[in-house]
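# Starting from these lines, generate the structure:
(chains A, B, C and D)
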4 protein chains.
Amino acid sequence: MVGGEKEVVNRLAPIWDTISPGVDAAERTPGRTGEPSSAERGWLHCGPNGAGHFVKMVHNGIEYGLMAAYAEGLNVLRNANIGSVERAADAETAPLAHPEYYQYDIPVDDVAEVWRRGSVVGSWLLDLTAEALHQDPDLTEFSGHVSDSGEGRWTSIAAIDEGVPTPVLTTALYSRFASRDLDIYAEKVLSAMRKGFGGHEEKPTGE
Amino acid sequence: MVGGEKEVVNRLAPIWDTISPGVDAAERTPGRTGEPSSAERGWLHCGPNGAGHFVKMVHNGIEYGLMAAYAEGLNVLRNANIGSVERAADAETAPLAHPEYYQYDIPVDDVAEVWRRGSVVGSWLLDLTAEALHQDPDLTEFSGHVSDSGEGRWTSIAAIDEGVPTPVLTTALYSRFASRDLDIYAEKVLSAMRKGFGGHEEKPTGE
Amino acid sequence: MVGGEKEVVNRLAPIWDTISPGVDAAERTPGRTGEPSSAERGWLHCGPNGAGHFVKMVHNGIEYGLMAAYAEGLNVLRNANIGSVERAADAETAPLAHPEYYQYDIPVDDVAEVWRRGSVVGSWLLDLTAEALHQDPDLTEFSGHVSDSGEGRWTSIAAIDEGVPTPVLTTALYSRFASRDLDIYAEKVLSAMRKGFGGHEEKPTGE
Amino acid sequence: MVGGEKEVVNRLAPIWDTISPGVDAAERTPGRTGEPSSAERGWLHCGPNGAGHFVKMVHNGIEYGLMAAYAEGLNVLRNANIGSVERAADAETAPLAHPEYYQYDIPVDDVAEVWRRGSVVGSWLLDLTAEALHQDPDLTEFSGHVSDSGEGRWTSIAAIDEGVPTPVLTTALYSRFASRDLDIYAEKVLSAMRKGFGGHEEKPTGE
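Now for the predicted structure:
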């Protein structure tokens, strides 16, 4: 994803071709014929200075959305297993609406593995997820505080500048903020309101 | 918000009128003339059995959205104050993009108070918020684990059944789930992916 | 919501007091005693230059969220009435999951009216909604292309800068973008994917 | 993704193995050793009756999220090109905040192509998108009314039952609802409110 003046970028084409994945890194897209384009070889002149960064920024914004989609879905699977650690710890404040329906024992690691072959959700991110879950389905190594490195923020700001809705991408970004407890004051305000209009006290949790 | 057979509901009208807030509880809506309707007196026959509960359910679904709107906005204000407790505790993983712009010392309690008079966001929920913030702008009494009591869930399920989008109402509901850490496994999956493709380690936090 | 140097703002206090709603515009917040503060009289020195605009910006960001909460909830009510214009026109692509449960004839205008008295969702925005719905419950005057005037965008950008999640406020903003069909290319991409992996053709709609 | 009694499912293993993609359909996950498991061969006994459907349901829920992530990102890219059809048609109601920054001429079809090789967002869905965009970057064949076939709804309902937040998956679902204009009444309510408190008239659009 290269930005810059046309002549400059083209003069450096041999370098781009050398460091790019190359045409064989994927099957050819049906309908593409003739000499493979630079995009097919693995690099693209996206426009003037900045255009390459812009495209890479959106790439990462999409990445946040894709990651969140897998993460949320796997969380639904895990919580369909009654015995899961989190649900046991937080039973009082998080009752299942229909506990009789959620008594599975779904092996989340094997689900990620089986989806790697022939399913619509196959991807490199899924490959990585299957590997991590095979090592430890409980992911006990991780605390769940997820950083963000800028591009997801910039993608959402660009979307807002453009007036283009990106609810999935921005929601994925916000989930990362919330994973670092940056929503804590907002949540306290909610508890204060609930106490105000209904006398609701916060329930203790297992956390 | 009453549901039931017409004759039955109407026969009980004197009871509804007795326990309702009454027409004087609000200024009359411009355009409404003649004898005040039951809705203006404070009760409404919404339809057959179940219709009253349905309307009350949606009422509460809206309530969740309204509450979240205030909570999120006040969180933005609070985090515009550099010295805030949360940001100080979590400085490493949550850098401000433009710290030079967020050095206010906005009194969140007084903001809630000033909005109570003549602003577009005036409401009873805001009155309660102003009261809670006056008692303690830091809301130290609360941990931020927010319960939900069913109606918000049912509103979102009804919306999905109808094929009607309620992104704000459902997002508000999901924020409550996340406040109880029910997103923890999803967040761990994100951290596992980030380690997989970029070697990113989770950063320690002040939590 | 005033920003500026302390001495300047205080010197102009008589002007602020003159144009403010005044303390009688709302019941006093329980716990507030003594001489009413400027916030109680209807104006607030929020901080240095820019602080007033910042607070007003967040006020409008909250406003977007509140408005969306009412709008979504009323849409759920309206679509619970089988005979509604939109559902009839779009029956093929938008089947109800459980049509037997959504055969109400809920008077949306009267619901807005009844909520004005003694309910948790009472507010000035609800008053305005009740007035508009009393004039025309179908809102045929409107096409549903909703503008945004900047503050909602700026609030979301500030939230992203701060690393603070505002999923409800930003979602409300994005719904406005989508109401102006700025999501159209994204939706076409979805249809193209569906055709690609499942041979799904777009269904005609009544629109 | 098979559900059923253990003996029954195992007895039919030869059938599952015959119709499954097979172990060679993907590179082996690092850390997996020995005889390939059934998940690696392309099928999985997920649990008792219903478990297979549950896992497939979540698969499709994830699919909705993934699709939306690509679609939103590509929409940001397209709208970074000043000359795009949609923006030209809707210039009045959708001004760019910083038009000087969004004057690219990014070839969206080639971007999808270049991401297919060596990028984090590579997937089968991206392959399909690249193919569709190569045929017609404007996707003029499509109107943007996106159907949903049930699983996305059920995934969100399961998440709500479980008390697990799936903001990305549900937001993706709601965008489909909105693409079929099922948000129209909500948007009209917003316009009615804006007229009520600010005298704002809806602006005409190019649609």
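# any idea which helix or strand comes after the helix or strand of chain A with the lowest mean pLDDT?
Lowest mean confidence among the helices and strands of chain A (mean pLDDT, DSSP states H and E): helix A:85-89, at a mean of 53. Sequence-wise, the next helix or strand downstream of helix A:85-89 (DSSP states H and E) is helix A:108-115.
# Briefly note if that following helix comes near chain D.
Yes: residues of helix A:108-115 are located near chain D by Cβ under 8 Å from any Cβ of the partner chain, namely A:D110, A:V111, A:E113, A:V114, A:W115. Quick note: C-beta positions are derived from backbone N, CA and C, even for glycine.
# How many residues are close by the nearest residue to A:T170 once chain neighbours are set aside?
Leaving aside its sequence neighbours, A:T170 sits nearest to A:S156 (Cβ to Cβ, 6 or more residues apart in numbering or on different chains; 4.4 Å). For A:S156, the number of neighbouring residues by other Cβ atoms under 10 Å in any protein chain shown comes to 28.
# Check the one 3 residues further on too.
Using other Cβ under 10 Å, A:A159 has 28 other residues around it.
# Quick check: it touching A:T171?
No: in this structure, A:A159 is not within contact of A:T171 by Cβ atoms under 8 Å, at 12.0 Å.
# Surely A:N75 touches B:K188?
No: counting by Cβ under 8 Å, A:N75 stays clear of B:K188, with 9.1 Å between them.
# what do the two both touch?
Residues touching both A:N75 and B:K188 by Cβ atoms under 8 Å, 6 or more residues apart in numbering or on different chains: none at all.
# Once you drop chain neighbours, what's closest to A:D183?
The nearest residue in space to A:D183 (Cβ to Cβ, 6+ apart) is C:P165, at 5.0 Å.
# backbone phi and psi for A:R41, please?
phi -80, psi -10 (degrees, to the nearest 10).
# where's it relative to A:V120, distance?
Distance from A:R41 to A:V120, counting by Cβ to Cβ, to the nearest Å: 27 Å.
# next one: A:L74
The gap separating A:L74 from A:V120 is 16 Å, by Cβ to Cβ.
# tell me which element the residue nearest to A:T170 is part of?
Here A:S156 is assigned to helix A:151-162, by DSSP H and E.
# what's the offset of that helix from the middle of its chain?
16 Å (Cα atoms, centre = their mean, to the nearest Å).
# before we move on, what about stretch A:51-61?
Distance of stretch A:51-61 from its chain centroid, counting by Cα atoms, centre = their mean, is 16 Å.
# right, is that stretch up against chain D?
Yes: using Cβ under 8 Å from any Cβ, stretch A:51-61 reaches chain D at A:A51, A:F54, A:V55, A:V58, A:H59, A:N60, A:G61.
# Need the contact partners of that stretch.
Against stretch A:51-61 from outside (Cβ under 8 Å, 6+ apart): A:1-4, A:44, A:46-47, A:149, A:151-152, A:154-156, A:158, A:166, A:169, D:72-74, D:76-77, D:80, D:104, D:106, D:111, D:115, D:119-121.
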